[in-house]
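**Q** okay, sequence plus prediction incoming.
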Amino acid sequence: MVFYLRREIDKFIRSLIYLGQGSQGVCYRDSKNVYKFYHSYFDDDYEGNYKKEEILQFKNVKSSTFIFPKEIIMLNDQVIGDITVYRNARNLYQINPLNVNLDKFLRLVFLALKDLEELSKKGILCYDVMYNILMGYRIYIIDTLEYCFSDIAYQEILRNNLRGFYLEIMYFLVDGLFLDVVKSSPRLNDMYESKNSVSIIDFIAEFRNYLKEILGKEIIYLREAKEIRDINVENLKYDRDVVVRERIINFKK
């Protein structure tokens, strides 16, 4: 997509729906695509930190989880953004975990892990996965501009690629909610503290089993364990959306 005047871009942006912004740029969407305009464009310094070849290096990598740029946005001969497919999903930190079906969530995590493994086998090193995980029909991972090919061993690539993913999944389920419960179980606490040294699937299964043991019943939604939620919700590690955080804190007991 090539523009020749800034006013053309301004007009185009006004036709789109604002999604939000992150460390790389500002995102807008229509019904099919997400258009990310890099911060340098809005700073009138669009020399560009990214080259076309770097942005599109994973264009032909097939993945149901990772959303790679499929096209670039240019102002004359300068790269100012990229285009990815739009998925009807929300950032994990914008979702209330108390209302998530854990059976469905476990299936989605499992599918995402398969794609993480396949990506690692291709020698692709992931960066900045935390806060770039979406959930909708599937789990999706966005903002891949810092990714690169690496010739290090597969197991090392996999450990790196799992780290941010495991961390956010654990924080999403536990931080400000059930940390006291996790700490009360030596096995569960060891798994939580080890982060990506244990399977996230095993952690979720152990977490649910421990809740079942405490409550005397199987739970599908975390809200079913609301009576054993953390009392102290200070010093949180996971930066949830402010609206979600308030809903969690004020959830009826």
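**A** Structure received.
**Q** and the helix or strand harbouring R107, what does it pack against?
**A** According to DSSP states H and E, R107 maps onto helix 102-121. Contact here means 3 or more CB pairs under 8 Å, 6 or more residues apart in numbering; DSSP states H and E; on that basis helix 102-121 packs against strand 139-141, helix 154-174, helix 200-215. Glycine gets a C-beta too; all of them are placed from N, C-alpha and C.
**Q** in the last one, what's buried?
**A** With burial defined by 16 or more other CB atoms under 10 Å, the residues of helix 200-215 counted as buried are 200, 203-204, 206-208, 210-211.
**Q** then the longest one?
**A** Across helix 154-174, burial judged by 16+ other CB under 10 Å covers 157-158, 160-174.
**Q** circling back: now distance to N88 and pLDDT too, for the buried residues of helix 200-215, in JSON lines please.
**A** Listed next are the buried residues of helix 200-215 as JSON lines, based on distance: CB to CB, whole Å; pLDDT from 0 to 100:
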{"residue": "I200", "distance to N88": "24", "pLDDT": "93"}
{"residue": "F203", "distance to N88": "28", "pLDDT": "94"}
{"residue": "I204", "distance to N88": "24", "pLDDT": "95"}
{"residue": "E206", "distance to N88": "32", "pLDDT": "95"}
{"residue": "F207", "distance to N88": "28", "pLDDT": "96"}
{"residue": "R208", "distance to N88": "27", "pLDDT": "95"}
{"residue": "Y210", "distance to N88": "34", "pLDDT": "96"}
{"residue": "L211", "distance to N88": "30", "pLDDT": "96"}
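**Q** would you mind checking the average pLDDT for the helix or strand that the helix holding R107 is followed by?
**A** Using DSSP H and E, the helix or strand that follows helix 102-121 in sequence is strand 124-125. The pLDDT scores in strand 124-125 average 96.
**Q** pairing partners for strand 124-125, with directions?
**A** strand 148-149 (antiparallel) (DSSP bridges).
**Q** so what touches the partner strand?
**A** Contacts of strand 148-149 from elsewhere in the structure, counted by CB atoms under 8 Å, 6 or more residues apart in numbering, are 57, 122-125.
**Q** what subset of these is buried?
**A** 57, 124-125.
**Q** please render the residues you listed as a markdown table that adds distance to T84 to the earlier fields.
**A** Output for those, formatted as a markdown table (distance: CB to CB, whole Å):
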| residue | distance to T84 |
| --- | --- |
| Q57 | 14 |
| I124 | 16 |
| L125 | 19 |
